[in-house]
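1. Sequence below, structure please.
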Amino acid sequence: MKKISSYLPQHVINKRELLIKITHDLHGIMSNEIKKSISVISFKDHILTISCDDSSIATLVRFEKHHYMTHINAKKYVRLDDIRFCVS
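-> Coordinates of the predicted model:
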């Protein structure tokens with residue numbers, strides 16, 4: 001029996017790895033309160049989408065958006081033009 005990973009296209013695996021890398025980099029500069037309350041859910045067309053547990057966390061992260069974008073763009077493995085937030 002084949003593993004399910006053998007059926008996944010390579011671009012899906014690469015996208016997952018990219019999201020994990022971005023999440024790890026963001027968690028490195030975020031406070032513990034924020035780390036527990038957000039998750040990176042999508043990266044498409046140079047726009048990162050982050051899900052927040054509640055609107056107060058989304059507001060805190062939104063005010064730091066430029067700082068996070070600068071940090072990710074400095075790594076040079078991805079170009080980030082904007083960060084969007086949704087409340088789950």
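2. Let me see the mean pLDDT of the biggest helix by length in the chain.
-> The single longest helix within the chain, with elements called by DSSP state H, is helix 10-27. Average pLDDT, helix 10-27: 89.
3. Then stretch 64-83?
-> Mean pLDDT, computed over stretch 64-83, is 93.
4. neighbouring contacts of it?
-> The contact list for stretch 64-83, computed with Cβ atoms under 8 Å, 6 or more residues apart in numbering, reads 18, 21-22, 25-26, 29, 43, 46-50, 61. Bear in mind the C-beta positions are built from the backbone N, C-alpha and C, glycine included.
5. From start to finish, how long is it in a straight line?
-> 10 Å (Cα to Cα, to the nearest Å).
6. One more: stretch 60-79?
-> 23 Å.
7. Please apply the same query to stretch 24-35.
-> 10 Å.
8. so where does the spatially closest residue to T49 that is not a sequence neighbour fall, helix or strand?
-> Spatially, and ignoring its direct neighbours in sequence, T49 is nearest to S42 (4.0 Å; Cβ to Cβ, 6 or more residues apart in numbering). Using DSSP states H and E, S42 sits in strand 38-44.
9. Done for today, thanks.
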